[in-house]
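A.B. asks: just need the structure, nothing else, for what follows:
(2 chains)
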Amino acid sequence: MNILADLFLTFAKIGCFTFGGGYAMIALIENACVEEKKWITHDDMMNITVIAESTPGPIAINCATFVGYRQSGFAGALAATVGIVLPSFLIIFGISRFLDHFLEIAWIARAFHGIKIAVGILIIDAGMKMLKKMKKKTFPELIAGCAFLMVLASEIFSVHVSVIVLLTAAALIGIMRMTAGGVMK
Amino acid sequence: MILLELFWGFLKVGAFAFGGAYAAIPLIRDIVLSYGWLGEDALAYMIAVSESTPGPIMVNLATYVGSSQAGLAGSLIATAAVVLPSFIIILLITAAMKNFIKNRYVQAALSGLKPCVIGIILATGLCMVIRNCLPGSVINVKNTLITVILCLMYFGSRYVQKKNISPIILIVISAVIGIIAG
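C.D. replies: Next comes the predicted model:
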């Protein structure tokens, strides 16, 4: 198959199933682009996840643009990005035109109740895969542990901890550690 | 000129929406309300719809607001505007990726960012599972059962058959279980 068509169709398929925000998508994109198509490596996936988190915009879009560009430059980036946006565009456009009471339809509400549970599992799966690939050293383990506990604590005590603050702090700590002469890698 | 307003408003959303959909909601709220595109109630409803349909929340909102303000043209323009900033930023970074990644300051920042992202993702997933199974600190038997069944299918298939159920299949199964379990 033509690579542009392949990119478009692969991301359109992912776009149909990207429920529950960005993190659940990571499992889908990893499954399609790393394991099946072998378009990018695990390392690439980790890098793009971090870059996506540190730049504005939805992770899904960022990943699609990245993978598309890697495969066939600007045209590829465009094909993949349009592919991932199109399904939700059509669905929302349809809802806005024809379905005023979308969430009140009983079987749809029930289906999403089930999907919400799957999304949590997929996010944990994505996180665990990354954890397995992480270097088993004190510094990354410490940072990952702190971030984990802070997000968990913010949920339990209903205090808002901004992800942006956590990421900025982690980046600064990394840079400070280097300038302070810490061992790189 | 409504199309221009839509383009400019959602370009701002796309350019400043850091930290994922939930962090972006206050920004989206601000812009959508200040232009008078949606009222509070309509916005809350739309966020709920966005959460229950595939696709990033801010893209869904852009499509919806665009369509409600100016039909197909409006939804196309608003959606393109919200996607454009991240598209361009990632394009630039990817084009410069090899050198960008090699830079020692970038490397140092990444050495902190990577484990941080892993921690955030794991905690987010865990919080979601907890919220489903223990809403308000009371155990929800049905949700817990569904969680266990889905976990057994998803992780079990990986270790027993050495073959993954794809995430898409898991989502489809979960929707079917949701409909049946009601």
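A.B. asks: rest of the way, CA atoms for contacts and neighbours
C.D. replies: Fine.
A.B. asks: would you map the helices across chain A?
C.D. replies: Assigned by DSSP state H, chain A shows helices spanning A:3-16, A:22-29, A:42-54, A:59-98, A:106-133, A:138-156, A:163-179.
A.B. asks: does the last one reach chain B?
C.D. replies: Yes. Helix A:163-179 lies within reach of chain B by Cα under 8 Å from any Cα of the partner chain, at A:163-164, A:166-167, A:170-175, A:177-178.
A.B. asks: which stretches of chain A have low pLDDT?
C.D. replies: Residues of chain A meeting the criterion pLDDT under 70: A:20-21, A:100, A:182-185.
A.B. asks: can I see the domain layout of chain B?
C.D. replies: Segmentation of chain B into domains, based on automatic domain parsing, reads B:2-95, B:103-181.
A.B. asks: ignore what I typed, I meant chain A.
C.D. replies: Using automatic domain parsing, chain A is parsed into the domains A:3-133, A:134-185.
A.B. asks: now render the helices of chain A as TSV, adding mean neighbour count.
C.D. replies: Listed next are these as TSV, based on neighbours: other Cα atoms under 10 Å in any protein chain shown:
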stretch	mean neighbour count
helix A:3-16	21
helix A:22-29	25
helix A:42-54	19
helix A:59-98	22
helix A:106-133	21
helix A:138-156	18
helix A:163-179	19
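A.B. asks: between the ones you listed, which one is nearest to residue B:116?
C.D. replies: Residue B:116 sits nearest to helix A:138-156 of all the helices of chain A, at 4.8 Å, using Cα to Cα.
A.B. asks: by contact count, what packs against the closest one?
C.D. replies: Under the contact definition 3 or more Cα pairs under 8 Å, 6 or more residues apart in numbering or on different chains; DSSP states H and E, helix A:138-156 sits against helix B:104-133.
A.B. asks: what angle separates the helix it packs on from helix A:138-156?
C.D. replies: If you take axes from the mean of the first three to the mean of the last three Cα atoms, to 10 degrees, helix B:104-133 sits at 40 degrees to helix A:138-156.
A.B. asks: check contacts around residue B:116.
C.D. replies: A:143-144, A:146-148, A:166-167, A:170 (Cα atoms under 8 Å, 6 or more residues apart in numbering or on different chains).
A.B. asks: same question for residue B:120.
C.D. replies: Contacts of residue B:120 by Cα under 8 Å, 6+ apart are A:144, A:147-148, A:151, A:163.
A.B. asks: ok, the nearest residue to residue A:15 once chain neighbours are set aside - contacts?
C.D. replies: Among residues not flanking residue A:15 along the chain, residue A:84 sits closest, at 4.4 Å (Cα to Cα, 6 or more residues apart in numbering or on different chains). Residues in contact with residue A:84 (Cα under 8 Å, 6+ apart) are A:8, A:11-16, A:60-61, A:64.
A.B. asks: cool, residue A:7 as well?
C.D. replies: A:68, A:76, A:79-80, A:83.
A.B. asks: just give me the closest of those to chain B.
C.D. replies: residue A:68 (9.6 Å; Cα to the nearest Cα).
A.B. asks: in chain B, what spans have low per-residue confidence?
C.D. replies: For chain B, the ranges with pLDDT under 70 are B:18-24, B:162.
A.B. asks: next, name the residue at the spatial heart of it.
C.D. replies: residue B:56 (4.1 Å; Cα atoms, centre = their mean).
A.B. asks: that one contacts residue A:58, doesn't it?
C.D. replies: Yes. In this structure, residue B:56 is within contact of residue A:58 by Cα atoms under 8 Å, at 6.1 Å.
A.B. asks: quick check: residue B:118 vs residue A:123, distance?
C.D. replies: Using Cα to Cα, to the nearest Å, residue B:118 is found at 10 Å from residue A:123.
A.B. asks: can you give me the helices in chain B?
C.D. replies: B:2-16, B:20-34, B:40-51, B:57-95, B:97-102, B:104-133, B:141-160, B:167-181.
A.B. asks: convert the C-alpha atoms of the first one to CSV, please.
C.D. replies: C-alpha atoms of helix B:2-16 as CSV (Å, rounded to 0.1, in the frame of the first residue of the first chain):
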residue,chain,number,x,y,z
ILE,B,2,-17.1,35.1,12.7
LEU,B,3,-14.8,32.8,10.7
LEU,B,4,-11.8,35.0,11.5
GLU,B,5,-12.8,35.1,15.2
LEU,B,6,-13.1,31.3,15.3
PHE,B,7,-9.7,30.9,13.7
TRP,B,8,-8.0,33.3,16.0
GLY,B,9,-9.7,32.1,19.1
PHE,B,10,-8.9,28.4,18.5
LEU,B,11,-5.4,29.2,17.3
LYS,B,12,-4.8,30.6,20.8
VAL,B,13,-6.3,27.4,22.4
GLY,B,14,-4.0,25.3,20.3
ALA,B,15,-0.9,27.4,21.0
PHE,B,16,-1.3,27.5,24.8
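A.B. asks: so how far is that helix off the chain centroid?
C.D. replies: 19 Å (Cα atoms, centre = their mean, to the nearest Å).
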